[in-house]
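S.K.: Give me coordinates for this.
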Amino acid sequence: MMHFIRWSVAGLVFCASALSPATGATINWTTWKTKPTGTAAEGTLMVGSTGVGVSYSGEIAFAQLNGSGTNFFTPATTFTAPPAVMNSPPSDMIAIDGTATTHMITFSTPVVDPVMEIVSLGQPGIHTQYTFSLSGGQSMAILAQGPSAAFGGCATCLTLTGSTIEGREGDGLIQFTGTFKSLIWTGANPEFWNGITVGATGLPVPEPETWGLMLLGLGLALTRIVRSRACHRGRVLRHNDVRMTIG
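M.R.: Residues are numbered from 1 along each chain as shown. Down below sits the predicted model:
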C-alpha cells in the first residue's frame, strides 16, 4: 500500500507542476495547420504535455501554415524576453489587415498568461491599432520590441495605452496576464498586413475545491484498499484456524 500512496502523491505533485505556469521555459508556439475559410484558421499548441486546439476567426490577408513561408519573427532580440520567453516563433503566422471587425483566438481549454507575437503592425504614416477585450484580473504588457529584419521599425514603434496597442511599423512580444479562454480584439486604421501568432506558458491550476475532491477520491481509494487487505488477512487467519482445528 505504501507504494500506492507514494505513487498517488507523486501523481498529484506532477499534475500541479504540469498545470502551473512555466518560468524561463521554452514556449511551444502555435502550429497553424489549416485555413478552412477566408476568415478562419485552425492550429494546435502544446502547453507542457497537453495539446490545446487554437482557432482564429476574423479577416485574413494570408496565412503561413505548417512551417511554410518566410519567418518574419527575426531577430530574436525583438521577439524574445528572457527569462520569461526564451525562444521566438517559427514561420507559422496569421496575417491580417487590422480592420474594425472582431478578431478572436479561441483555446480549446483555458490557458494561463498567453503571449502574442506581432510583426509589422502599422506604418510610419498609418498607426494601426488593436484594442483588446480584457476581463477582471486580466492585463497585458509589451515584453519586447524592436526593428524586424524584414521591415525595419524601431525600439519604440509599439505603444500600449490601456488595452490598446498601436504600431508604427511595430514588431514585438505581448504578454497577457491571467487565465484566458480567448483573445478578442478589434482593429483600427488598417494597413496592407500585419502578422500574429500565439503561445502560452501554462494551464490553470485547479481551484482548492478541485484539489479537495481529488484528495477525497484518493482517501476513498486508500480506505477501500485497507479494508480489502484487512478482509483478506481475516480470511487467511480463519483458514489457518480451520486447518489447525482439523489437524
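S.K.: Doesn't H103 belong to a helix?
M.R.: No. Under DSSP: H, G, I helix; E, B strand; the rest coil, H103 sits outside any helix and is assigned strand.
S.K.: which residues does it contact?
M.R.: Residues counted as contacts of H103 (Cβ atoms under 8 Å, 6 or more residues apart in numbering) are Y56, S57, G58, E59, I96, Y130, I184, W185, T186, G187. Backbone N, C-alpha and C define where each C-beta goes, glycine included.
S.K.: Recalculate using a threshold of 6 Å.
M.R.: H103 makes contacts with G58, W185, as judged by Cβ atoms under 6 Å, 6 or more residues apart in numbering.
S.K.: Report pLDDT for the one residue sitting closest to the centre of the chain.
M.R.: Per Cα atoms, centre = their mean, the C-alpha nearest to the average position across the chain is that of A200, at 2.7 Å. What the model reports as pLDDT for A200 is 92.
S.K.: so what's the closest residue to it other than its chain neighbours bridging to?
M.R.: Take A200 and drop its neighbours on the chain: the residue closest to it by Cβ to Cβ, 6 or more residues apart in numbering is V111, 3.9 Å away. Listed by DSSP bridges, the beta-bridge partners for V111 are F180.
S.K.: ok, now T37?
M.R.: Beta-bridge partners, per DSSP bridges, of T37: A40.
S.K.: Relative to S108, how far out is it?
M.R.: 19 Å (Cβ to Cβ, to the nearest Å).
S.K.: the strands in this protein, which residues?
M.R.: 31-37, 40-47, 50-57, 62-64, 93-96, 102-112, 115-121, 128-132, 139-145, 158-161, 164-167, 170-177, 179-188, 194-199 (DSSP state E).
S.K.: what's the closest of those to T70?
M.R.: strand 62-64 (7.6 Å; Cβ to Cβ).
S.K.: How about residues contacting that closest one?
M.R.: With contact meaning Cβ under 6 Å, 6+ apart, strand 62-64 is reached by K35, A41, S91, D92, M93, I94, A95.
S.K.: So the last one is in contact with G58, correct?
M.R.: No. When contacts are counted by Cβ atoms under 6 Å, A95 is not listed as touching G58 (11.5 Å).
S.K.: closest to N87 out of the strands of the chain?
M.R.: Nearest to N87 among the strands of the chain is strand 194-199; the distance by Cβ to Cβ comes to 9.0 Å.
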